[in-house]
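In: Model the structure of this input:
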Amino acid sequence: MPQLEVDGATLTYDDEGPRDGDGVPLVFIHGWTANRHRWDHQLAHFSPKRRVIRLDLRGHGESDGSGRRTVEELAGDVLAVLDHLEADRFIPVGHSMGGMIAQTLALEHPERIERMALVNSISRMTYSRGRGLLMAVSTRVPFKLFVAANIQRAFAPGYPREQIRECIRASSATPREVVMTCYGAMRSFDVLDRVGEIRTPTLLVHGYHDIQLPVSQMLRMAKAYPDAVVRIVDAGHELPVEKPAELTSALDRFVTGGA
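Out: Model (predicted):
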């Protein structure tokens, strides 16, 4: 597996598919406590015909390093990998915190973004009452219990428990310092007043049952985007896990110029 040293961290990434394939590279950016394997379905679908890049953010998955304190710093890590791979222009696809990173890249480097897709993400971090209470007690409960409670809430009602437990196990491997530092980065994230500057076509895909980042917040963001397509899916916050084929289909239509 290829790796890159970036500012004291070793970042693990995948770079697959033909460089002379259909269109610019797709860059998949995972969310908080997750890893690059959230995008396995999309990698398998897109890589036979176009270049696909995905990475483990620092401290997540198979990347080491301490957490970043701002979303801008996380975006800097992603950009360092893309610069190393000479991916000058690309389509970022970000889930949750990864969508915040994608928006930051679009605002800071608009000339490099061809299109953008945001999955279960928002432009201003506003927690529901339940999520706010959970975060408030985060320092007073065992870390694994805190992670489990967050992940359990991320899925739509009725999702298979064993698959939820598998996600909990994977997320629990993320060091506590990384989890809480990245939480602070998300908590301070607010570009809602700037998204009108993002002129690139943008796909907003959101789970109807998302109680982590409610769909009402996404729709508020959508109104500010000059060129946005909205898709609401019967899923919770973990759309790449809950409905991977449906998400892939929406992305396929979008990146090829369809709605």
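
In: Could you use CA atoms for every contact and neighbour count after this?
Out: Will do.

In: who touches the top helix by length along the chain?
Out: The longest helix of the chain (DSSP state H) is helix 71-84. Residues from elsewhere that reach helix 71-84 (C-alpha atoms under 8 Å, 6 or more residues apart in numbering): 4, 6, 55, 57-58, 68, 88, 100-102, 104-105, 182, 185-186, 189.

In: Could you check how far that helix is from the centre of its chain?
Out: 14 Å (C-alpha atoms, centre = their mean, to the nearest Å).

In: next one: stretch 101-119
Out: From the chain centre to the centre of stretch 101-119 is a distance of 12 Å (C-alpha atoms, centre = their mean).

In: first to last residue in it, what's the distance?
Out: End-to-end distance of stretch 101-119: 12 Å, with C-alpha to C-alpha, to the nearest Å as the criterion.

In: Now it: buried residues?
Out: Within stretch 101-119, the residues scored as buried using 16 or more other C-alpha atoms under 10 Å are 101-107, 110, 113-119.

In: circling back: just the buried residues of the contacts of helix 71-84.
Out: 55, 57-58, 68, 100-102, 104-105, 182, 185-186, 189.

In: taking the residues you listed one by one, which sit in strands?
Out: Among the buried ones among the contacts of helix 71-84, the members found in strands (DSSP state E) are residue 55.

In: Quickly name whichever of the buried ones among the contacts of helix 71-84 is closest to residue 154.
Out: residue 186 (16.3 Å; C-alpha to C-alpha).

In: quick one, what contacts that closest one?
Out: Neighbouring residues of residue 186 by C-alpha under 8 Å, 6+ apart: 70-71, 97, 100, 125.

In: Among those, which one lies nearest to residue 40?
Out: Of those, the one sitting nearest to residue 40 (C-alpha to C-alpha) turns out to be residue 97, at 18.0 Å.

In: give me the number of residues near the closest one?
Out: 29 (other C-alpha atoms under 10 Å).

In: and if you look at residue 25?
Out: Number of residues near residue 25 (other C-alpha under 10 Å) recorded here: 27.

In: next one: phi and psi at it?
Out: According to degrees, to the nearest 10, the main-chain angles of residue 25 amount to phi -60, psi 150.

In: quick one, what contacts it?
Out: Taking C-alpha under 8 Å, 6+ apart, one finds 19, 50-53, 87, 89-91 in contact with residue 25.

In: run the last query once more with 7 Å
Out: 50-53, 90-91 (C-alpha atoms under 7 Å, 6 or more residues apart in numbering).

In: Bridged to residue 204, which residues?
Out: With DSSP bridges applied, residue 204 shows beta-bridge pairing to residue 118, residue 230.

In: That one and residue 112, how far apart?
Out: In terms of C-alpha to C-alpha, residue 204 sits 19 Å off from residue 112.

In: for residue 98, same thing?
Out: Distance, residue 98 to residue 112, using C-alpha to C-alpha: 17 Å.

In: Repeat that for residue 186.
Out: Counting by C-alpha to C-alpha, the gap from residue 186 to residue 112 is 23 Å.

In: How about residue 101?
Out: Taken as C-alpha to C-alpha, the span from residue 101 to residue 112 is 14 Å.

In: just residue 103 next, same as before
Out: 12 Å.

In: again with residue 178
Out: Counting by C-alpha to C-alpha, the gap from residue 178 to residue 112 is 28 Å.

In: Next: residue 144.
Out: 39 Å.

In: for residue 254, same thing?
Out: 18 Å.

In: okay if I get the contacts of residue 25 as JSON lines plus distance to residue 245, secondary structure and pLDDT?
Out: Output for the contacts of residue 25, formatted as JSON lines (distance: C-alpha to C-alpha, whole Å; DSSP: H, G, I helix; E, B strand; the rest coil; pLDDT from 0 to 100):
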{"residue": "50", "distance to residue 245": "18", "secondary structure": "coil", "pLDDT": "96"}
{"residue": "51", "distance to residue 245": "19", "secondary structure": "coil", "pLDDT": "97"}
{"residue": "52", "distance to residue 245": "17", "secondary structure": "strand", "pLDDT": "98"}
{"residue": "53", "distance to residue 245": "19", "secondary structure": "strand", "pLDDT": "98"}
{"residue": "90", "distance to residue 245": "22", "secondary structure": "strand", "pLDDT": "98"}
{"residue": "91", "distance to residue 245": "19", "secondary structure": "strand", "pLDDT": "98"}
